[in-house]
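A.B. asks: okay, here's the prediction I keep looking at, along with the sequence it came from:
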Amino acid sequence: NSVAAEQDILACSDIGRVGYYYTGRVFDWWGLASPEVVARNESLGRIRPETVLSQRPRFIVLYSGGPDIFGPDGLTAMGELSARFIHNEEFMKNYGVVGSYEFAKNRYYVLFQNRSYVMTPTPTNVGE
């Protein structure tokens, strides 16, 4: 929140926890709070990275079983949905890791920011 402008979009599938802390617009690719996802028949884990990227979010939150998704076990620790982004050329070209945050034992949010913004270091724990 300290670096985000009101118009900045954060894209994620965890509208509850993330939406509680982020005060800007949240694009909920699970479809609970973003009806356009349901209209495209991409809700409940069927979202395509291209759909998320078309919203031009400043931030994207992915999930991992470890803090370093590019480490030796990082990609294998990611969920299928998050791994789709890592394998998407446009995402990898335009987004960089800002930080990772453990929200439960061995469950991490990995925050990415669009590279067109100055990469901003963020707190090490959710809610700080």
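C.D. replies: Noted; the coordinates are in hand.
A.B. asks: pull the distance from stretch 17-36 to the chain's centre.
C.D. replies: Distance of stretch 17-36 from its chain centroid, counting by CA atoms, centre = their mean, to the nearest Å, is 11 Å.
A.B. asks: just the CA trace of the lengthiest strand in the chain, in PDB.
C.D. replies: As assigned by DSSP state E, the longest strand anywhere in the chain is strand 95-104. What follows is strand 95-104, C-alpha atoms only, in PDB (Å, rounded to 0.1, in the frame of the first residue of the first chain):
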ATOM      1  CA  TYR A  95       7.200  -8.700 -14.300                       C
ATOM      2  CA  GLY A  96       9.800  -9.100 -11.600                       C
ATOM      3  CA  VAL A  97       9.800 -10.400  -8.100                       C
ATOM      4  CA  VAL A  98       9.400  -7.800  -5.300                       C
ATOM      5  CA  GLY A  99       9.300 -10.200  -2.400                       C
ATOM      6  CA  SER A 100       7.800 -13.300  -0.800                       C
ATOM      7  CA  TYR A 101       5.700 -13.500   2.300                       C
ATOM      8  CA  GLU A 102       5.000 -16.600   4.400                       C
ATOM      9  CA  PHE A 103       1.300 -16.600   5.300                       C
ATOM     10  CA  ALA A 104       1.100 -20.100   6.600                       C
END
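A.B. asks: what's next to the helix or strand just after it, contact-wise?
C.D. replies: Later in the chain than strand 95-104, the nearest helix or strand by DSSP states H and E is strand 107-114. For strand 107-114, the external contacting residues (CB atoms under 8 Å, 6 or more residues apart in numbering) are 12, 14, 18, 56-67, 69, 82, 91, 94-103, 119-120, 122, 126. For glycine as for every other residue, the C-beta is placed from the backbone atoms N, C-alpha and C.
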